[in-house]
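# kindly generate the corresponding structure for this input.
(2 chains)
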Amino acid sequence: ETGVTQTPRHLVMGMTNKKSLKCEQHLGHNAMYWYKQSAKKPLELMFVYNFKEQTENNSVPSRFSPECPNSSHLFLHLHTLQPEDSALYLCASSQTPLPAGNTIYFGEGSWLTVV
Amino acid sequence: GESVGLHLPTLSVQEGDNSIINCAYSNSASDYFIWYKQESGKGPQFIIDIRSNMDKRQGQRVTVLLNKTVKHLSLQIAATQPGDSAVYFCAAWGGYSSASKIIFGSGTRLSIRP
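Below is the predicted model of the structure:
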């Protein structure tokens, strides 16, 4: 139990589908993140939220749309994805957004397959 | 650009032996480092961290060593057990206030021989 819960754990969607990934953190943190993890590649930061306000968008295509209704919940809305978007999507949280020194805690991830 | 790399993509160790996983970083301004363990099908799990004002930090069966001169850090796992099988990767903070300045390595897969 990491304190960061992601659902669903596995998702298969067609390129014309609309789906959402959900993340909830029980750690009392104020910052939440979406990362993408592809095979044999380092983690790629997608979005950062601080006190439910988006503070970073790392040049992510608009087919990925994040939503943060409060400091404990984070969504990633998916629409018209491409097969190359298939990856493990990780939600994470930290006490505050950086500067350095705040450990980031990850959820178990949502495995996304786009067909 | 900045990078964080691990020296070996895979490492095989005899059960009971010590494991040493290495990581090199390019930004001399990096001041905080974390090691993560990622088991198959799971998210990264925090193992241990170290700040740049330290050379060594110990946890339960793990030790992280930081050599700022050569921009290198290592994770040592004592008496490696089957449960230690996972991908290990380091993360380095570039001394910035932006989360996008965290650099993650691509990982070393540790396998344990019985």
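# pretty sure A:Leu78 contacts A:Gly14?
No: counting by CB atoms under 8 Å, A:Leu78 sits too far from A:Gly14 to count as a contact (11.0 Å). Just so you know, the C-beta spots here come from the backbone N, C-alpha and C atoms, and that holds for glycine as well.
# between those two, which is the more surrounded one?
Neighbours per residue (other CB atoms under 10 Å in any protein chain shown) separate A:Leu78 from A:Gly14, with A:Leu78 holding more: 21 against 10.
# can you tell me the element the more buried one falls in?
strand A:73-79 (DSSP states H and E).
# can you tell me the strand partners of the helix or strand following that strand and which way each runs?
Going down the chain from strand A:73-79, the next helix or strand is strand A:87-94, by DSSP H and E. Using DSSP bridges, the strands paired with strand A:87-94 in its sheet are strand A:31-37 (antiparallel), strand A:105-106 (antiparallel), strand A:110-114 (antiparallel).
# centre of the chain versus strand A:87-94, how much separation?
In this view, strand A:87-94 has its centroid 4 Å away from the chain centroid, taken as CA atoms, centre = their mean, to the nearest Å.
# what about it, average pLDDT?
For strand A:87-94, the mean pLDDT works out to 95.
# pull out the buried positions in it.
Within strand A:87-94, the residues that count as buried by 16 or more other CB atoms under 10 Å in any protein chain shown are A:87-94.
# same question, stretch A:25-35
If you call a residue buried by 16+ other CB under 10 Å, then stretch A:25-35 has these buried ones: A:25, A:29-35.
# state the distance from the closest residue to chain A within chain B to B:His72.
Taking CB to the nearest CB as the measure, chain B has B:Trp93 as its residue closest to chain A, at 3.7 Å. Summarising the geometry, the distance separating B:Trp93 from B:His72, computed by CB to CB, to the nearest Å, is 16 Å.
# more crowded one of these two?
Regarding B:Trp93 and B:His72, a neighbour count based on other CB under 10 Å identifies B:Trp93 as having more, with 27 against 14.
# what is that one paired to in the beta sheet?
Applying DSSP bridges, one finds that B:Trp93 bridges with B:Tyr32, B:Ile102.
# does it touch B:Asp49 like I think?
No: shown here, B:Trp93 and B:Asp49 do not form a contact pair, counting by CB under 8 Å, at 10.0 Å.
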